[in-house]
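Trainee: here are the coordinates; sequence isn't available:
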């Protein structure tokens, strides 16, 4: 009877880790930051994802953001990181003892560090270089260029916060693994 109880607890832990892995994938697939750009030409948001900045649809934005568009190899590297992290998280569910806990904890720390560095150093740093006085990470920036006045309403999106929460969730699951699974 004890084997059946432990087996259910292992399945429960595995399902919780799989849910967290799914949240990680969802967070990477949707925008972490959006800048709603208003100019005399067109209004279109610029979205930055966990994997980078895709080529914007408007030619004028392509001109101004050409150096910021994420190259294909970097996008592939970001998704490879996600894939390796998901596999590592799932493998951690079958590793016994502290090895499984450590691996899952590393996945959580890695995701949290990735998200925070991407937003507060990479994106924020690059925004500070754009426009006359730079653009803000969150809020409204107004500047004039050769094409007229441009307004950017910028905000961090839910998916960035979900990436951070998922990193913390992996760490909580790592810490609670012995309690959930009923093993040492």
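Mentor: Looks like it came in fine. Everything quoted here is computed from the prediction, not taken from an experiment.

Trainee: Centre of the chain to the helix or strand hosting residue 87, how far?
Mentor: In the assignment (DSSP states H and E), residue 87 maps to helix 72-92. Centre-to-centre, helix 72-92 and its host chain are 12 Å apart (Cα atoms, centre = their mean, to the nearest Å).

Trainee: What mean pLDDT does that helix get?
Mentor: Averaged across helix 72-92, pLDDT comes to 96.

Trainee: Remind me what that helix packs against, helices and strands.
Mentor: In terms of contacts (3 or more Cβ pairs under 8 Å, 6 or more residues apart in numbering; DSSP states H and E), helix 72-92 is packed against helix 2-29, helix 97-117. Quick note: C-beta positions are derived from backbone N, CA and C, even for glycine.

Trainee: so which of those helices is the most packed in?
Mentor: helix 97-117 (a mean of 18; mean count of other Cβ atoms under 10 Å).

Trainee: got a list of contacts for that helix?
Mentor: By Cβ atoms under 8 Å, 6 or more residues apart in numbering, the surrounding residues in contact with helix 97-117 are 17, 24, 27, 32, 50, 81, 85, 88-89, 91-95, 160, 163-164, 166-175, 177-178, 183-184.

Trainee: which among those residues end up buried?
Mentor: 17, 24, 27, 32, 50, 81, 85, 88-89, 92-93, 160, 163-164, 166-167, 169-171, 173-174, 177 (16 or more other Cβ atoms under 10 Å).

Trainee: Quick one: work out the angle between the helix holding residue 87 and helix 97-117.
Mentor: Put simply, helix 72-92 runs at 150 degrees to helix 97-117, going by axes from the mean of the first three to the mean of the last three Cα atoms, to 10 degrees.

Trainee: Could you pull up the contacting residues of residue 159?
Mentor: Counting by Cβ under 8 Å, 6+ apart, residue 159 makes contact with 26, 27, 28, 29, 30, 31, 32, 49, 50.

Trainee: From residue 163, how far out is the second one?
Mentor: So the one you mean is residue 27. 4 Å (Cβ to Cβ, to the nearest Å).

Trainee: swap in the fourth one?
Mentor: Here residue 29 is placed at a distance of 11 Å from residue 163 (Cβ to Cβ).

Trainee: Give me the common contacts of these two.
Mentor: residue 50.
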